[in-house]
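Peer 1: give the three-dimensional model of this entry:
(2 chains)
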Amino acid sequence: MAFYLLRRMVSAIAVMAMVGVFVFLLIRLAPGDPAVVLAGPSATEQMVANIREQLGLNDPLPIQFVHWMRDLLGGDFGTSIFSGRLVLDLLAQRLEPTLSLSLLTLALSVTVGVSFGILAAWRAGGLVDRLLLVFSAFGYSVPVFVIGYFLVYLLAIGTGWLPVQGYAPIGDGLSRWFVHLILPTVTLSVPYIAFVARIARASMLEVLTEDYMRTAAAKGASSYAMLFHHALKNAGVPILTVIGLSFAYLIGGVVLTETVYNIPGVGRLVVDAINNRDYPIIQSVLILTSGLYVLINLAVDLAYTLIDPRIRY
Amino acid sequence: MAHISDTLTSAAAGRQPVFRFVRVARQRALVLIGGGLLLLLILLALAAPFYAGDPRNIDPFVRLKPPSPEHWFGTDHLGRDVFARAIYGARISLTVGLISALLAAGTGLLIGVVAGYLRKFDNIIMRIMDALMSIPTILLAIALISLTGPGIGILIVAVALPQTPSVTRLVRSVVLSVRERSYVEAAVCGGARLPKVLWRHVLPNTIPPLMVQSAIVCADAIMTEAGLSFLGVGVPPEIPSWGNMIASSRLYLATAPLTIFAPGIFLAVTVLAVNLLGDGLRDLFDPRAKRRR
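Peer 2: Numbers count the residues shown, from 1 in each chain, chains lettered A, B, ... in the order given. Next up is the predicted model:
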């Protein structure tokens, strides 16, 4: 166990280091002077020189990298070029909407997706299974922003039931917060439910043919007990793995959904950062999301021992 | 019981040409539907100048009009013909999607073969791929585009790069299993050089799974391009693309919904066609997968 843990940690650190190198080199190997790129098209000669000095761009590459890494590890993600504020402060401001949307989507997709997948696998070829096939073909093919505008047209503009766009901070009241998040959550969940349900179905199908399932049926276990006690526990590991791996996919959807609903989250921050050529923000978000991805998958791997006591590293 | 009688009838049907066609068509229904749909879209896009109007023609007198015989899908906020723009949008979306998919498949194939066959590089290559996979597709593409500013060339690279790791992983796993086969060993013992071993014995085995993966990559690439253009960092606004059409019509959802739904539906149908083609190819190459799915 300790050895496995150690090996897993080392590989996680290696991946993070790679991401670091990649992000570091990206701006420095890009065509043109990085200081000019960072300063933006309207910068004066003096501003460019300042940035060059500030970022230590006159030093040799390896030294720059060491300095840059040291700052990152110390929690210094730099300052925004556009607003002059600390990147971490800007991110912290935008975190609540993004986190709300991501967690609600995860909760909705996993509950609905896993149930959908179990029901489809239980009666493979039946009505629910066919429904899932159609739903997932749809969910995989229609981009989230098209689903978003469709839902807005139907449920917000057409009927006036839900707010068209915007975000209400959780501090302003729970119900206002929730009402504003219903449409974005459902939008982002559509492809995610399709995805989770397909995985849940496939992994349940595999488990349902096992000998112990026949034994459970023979000793008279109810359908509920068979599906949830005997099958789901065994099917859980692959489902959890895929949910962990799909984190990157979720974040991509968050960026688009935030734009559709005008939610002032991290996604909007990044999109605005491109238009302002605010590279420190883009850089930090890249590093933080990929770090989160690596951590989540590490946690998922370790969670296996909880779901499945047979797994011992 | 049902599948036994199924097997019997299809075996009997195989003898008569008409029935055989039906059987083959049923087996390959997904490939035919997906491929046909995709071909139709490509033809529509290529033939655009012959039947669709000018997508850039601005007419302030017919802004945000509903569908009419002159403007099948109505007009947008600048009075441009939505139908023409959706058809011309197919050109850029399909071009970027297909070229990016080809680029990703080619690069992934090359790197995957190297990683799988030359073990020295395996570990480092796969860690780089892990790193690329840990960054969300759209964010990675955004980071690349932010370096140069929007343009078609950087867009193709930015869409292709995030797709490369999945291809690399797949090719590597195929190469790893193939290199242990006795015919590869025999070829090496027979004095075949590395390029020949790779070309004659290893590469052909990677083609079927690579084709399936390419379809998935292509669907993803079309979605990414649309997403980037929707965010305003993909196809420059002067070229109509489905993504930037939707972005520029966002404010007119209530008054002229077709300005958003027309490109949206085209986009969905295109991705669906590519996905169906991919599913069909997988069933064709790996019949066992069909039962599992």
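Peer 1: which residues of the stretch 201-313 of chain A lie near chain B?
Peer 2: A:202, A:205-206, A:248-249, A:251-252, A:255-256, A:259, A:270-271, A:273-275, A:277, A:279, A:282-283, A:285-286, A:289-290, A:293-294 (CB under 8 Å from any CB of the partner chain). Just so you know, the C-beta spots here come from the backbone N, C-alpha and C atoms, and that holds for glycine as well.
Peer 1: ok, then the element right after the lowest-mean-pLDDT helix or strand in chain A?
Peer 2: The helix or strand of chain A with the poorest confidence is helix A:34-39; it has a mean of 71 (mean pLDDT, DSSP states H and E). Counting by DSSP states H and E, the element after helix A:34-39 in chain order, helix or strand, is helix A:45-55.
Peer 1: that following helix - contacts with which helices or strands?
Peer 2: With contacts taken as 3 or more CB pairs under 8 Å, 6 or more residues apart in numbering or on different chains; DSSP states H and E, helix A:45-55 sits against helix A:34-39.
Peer 1: quick check: closest non-adjacent residue to residue A:291.
Peer 2: residue A:16 (6.0 Å; CB to CB, 6 or more residues apart in numbering or on different chains).
Peer 1: so how many other residues sit close to the one you found?
Peer 2: A total of 19 residues lie near residue A:16 under the criterion other CB atoms under 10 Å in any protein chain shown.
Peer 1: again with residue B:161
Peer 2: 20.
Peer 1: residues from the stretch 51-200 of chain B in reach of chain A?
Peer 2: For the stretch 51-200 of chain B, the contact set with chain A under CB under 8 Å from any CB comprises B:127-128, B:130-140, B:142-148.
Peer 1: my read: residue B:107 touches residue B:164, true?
Peer 2: Yes: under the criterion of CB atoms under 8 Å, residue B:107 makes contact with residue B:164 at 5.1 Å.
Peer 1: for whichever strand or helix holds residue A:251, packing partners?
Peer 2: Per DSSP H and E: residue A:251 is located in helix A:247-261. Packed against helix A:247-261 by the contact rule (3+ CB pairs under 8 Å, 6+ apart) you find helix A:87-122, helix A:144-151, helix A:174-208, helix A:266-275, helix A:279-307, helix B:137-148, helix B:203-231.
Peer 1: in JSON lines: those helices, plus mean neighbour count and mean pLDDT.
Peer 2: Output for the helices and strands packed on helix A:247-261, formatted as JSON lines (neighbours: other CB atoms under 10 Å in any protein chain shown; pLDDT from 0 to 100):
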{"stretch": "helix A:87-122", "mean neighbour count": "19", "mean pLDDT": "92"}
{"stretch": "helix A:144-151", "mean neighbour count": "24", "mean pLDDT": "93"}
{"stretch": "helix A:174-208", "mean neighbour count": "21", "mean pLDDT": "92"}
{"stretch": "helix A:266-275", "mean neighbour count": "22", "mean pLDDT": "87"}
{"stretch": "helix A:279-307", "mean neighbour count": "19", "mean pLDDT": "86"}
{"stretch": "helix B:137-148", "mean neighbour count": "24", "mean pLDDT": "87"}
{"stretch": "helix B:203-231", "mean neighbour count": "24", "mean pLDDT": "92"}
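Peer 1: please name whichever of the ones you listed is nearest to residue B:250.
Peer 2: The closest of those to residue B:250 is helix A:144-151. By CB to CB, the value is 7.7 Å.
Peer 1: list the helices and strands the helix or strand encompassing residue B:104 packs on?
Peer 2: According to DSSP H and E, residue B:104 maps onto helix B:82-117. Secondary-structure packing of helix B:82-117 (3+ CB pairs under 8 Å, 6+ apart): helix B:29-46, helix B:48-51, helix B:119-133, helix B:152-160, helix B:164-178, helix B:203-231, helix B:242-248, helix B:258-285.
Peer 1: buried stuff in that helix?
Peer 2: Applying a neighbour-count criterion of 16 or more other CB atoms under 10 Å in any protein chain shown, one finds B:82-105, B:107-109, B:111-117 buried in helix B:82-117.
Peer 1: can I get the helices and strands packed on helix A:247-261 in JSON lines with distance to residue B:39?
Peer 2: Putting these into JSON lines (distance: least, CB to CB, whole Å) gives the following:
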{"stretch": "helix A:87-122", "distance to residue B:39": "32"}
{"stretch": "helix A:144-151", "distance to residue B:39": "23"}
{"stretch": "helix A:174-208", "distance to residue B:39": "26"}
{"stretch": "helix A:266-275", "distance to residue B:39": "35"}
{"stretch": "helix A:279-307", "distance to residue B:39": "38"}
{"stretch": "helix B:137-148", "distance to residue B:39": "27"}
{"stretch": "helix B:203-231", "distance to residue B:39": "14"}
